[in-house]
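Q: just coords:
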């Protein structure tokens, strides 16, 4: 059975996609002051997915371009939303089989960084990513409001049906 924290990550991913629904290439390329574009935000979360579920725990680097262009502190850029969503789907599809193997004990294991202990467990990394997604969901909705878009997703979706609380 999938661990509850992984279920929460998957629900968060679905909410993030709900928040991106209807965003055009043109709108995804807009910058407001120092804010990154929506396309860049998609690349950035793709980078963190690859980092936490492929590269650090298993030494896999599927998309070096994502590593180079979207890490924390990477320069502002304006990538194609379509290209970034394709990268995101590639990386999350590769990560999902790994996520399905995680047990409570596996989530307590230190997640190495550059081959060394990091002090961050796999479980803490997942929680950080979940919260990171929610931060950027809000940012994307703010950008969309600044673009004048209406009828945007509001609040959290159907968590009670899709990812309710359950003990392990």
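A: Arrived safely. Since this is a predicted model, take the numbers as computed values, not measurements.
Q: and the lengthiest helix in the chain, what does it pack against?
A: Across the chain, the helix with the greatest residue count (assigned by DSSP state H) is helix 122-146. Contacts defined by 3 or more C-beta pairs under 8 Å, 6 or more residues apart in numbering; DSSP states H and E place helix 122-146 against helix 4-20, helix 38-50, helix 104-107. The way it works is simple: take the backbone N, C-alpha and C, and place the C-beta from them, glycine included.
Q: outside of the helix or strand that comes right after the second one, which residues touch it?
A: Toward the C-terminal end, the helix or strand that comes next after helix 38-50 (DSSP states H and E) is helix 56-58. Contacts of helix 56-58 with the rest of the structure, by C-beta atoms under 8 Å, 6 or more residues apart in numbering, involve 98, 111, 112, 113, 118, 122, 125.
Q: can you pull the contacts of the residue positioned nearest the centre of the chain?
A: Centrality entry for the chain: nearest residue to the mean C-alpha point is residue 45, 3.8 Å, by C-alpha atoms, centre = their mean. With contact taken as C-beta under 8 Å, 6+ apart, residue 45 is in contact with 16, 88, 129, 132, 133, 136.
Q: correct me if wrong: the first one contacts residue 133.
A: By that I understand residue 16. Yes: at 5.1 Å, residue 16 counts as touching residue 133 under the criterion of C-beta atoms under 8 Å.
Q: now do the helix or strand of the chain with the lowest mean pLDDT: distance to the chain's middle.
A: Ranking every helix and strand in the chain by mean pLDDT, DSSP states H and E puts helix 159-162 at the bottom, with a mean of 86. With C-alpha atoms, centre = their mean, to the nearest Å as the basis, helix 159-162 stands 20 Å off its chain's centre.
Q: i'd like the first residue to be 71 from this point on
A: Noted, 71 is the first residue going forward, which turns the last one into helix 229-232.
Q: which residues sit against it?
A: So helix 229-232 is in contact with 81, 84, going by C-beta under 8 Å, 6+ apart.
Q: rerun at 10 Å
A: 77, 78, 80, 81, 82, 84, 85, 226, 235 (C-beta atoms under 10 Å, 6 or more residues apart in numbering).
Q: can you list the helices and strands that the helix or strand harbouring residue 136 packs against?
A: Using DSSP H and E, residue 136 sits in helix 134-140. Counting contacts by 3 or more C-beta pairs under 10 Å, 6 or more residues apart in numbering; DSSP states H and E, helix 134-140 is packed against helix 108-120, helix 151-171.
Q: just these: most buried one?
A: helix 108-120 (a mean of 24; mean count of other C-beta atoms under 10 Å).
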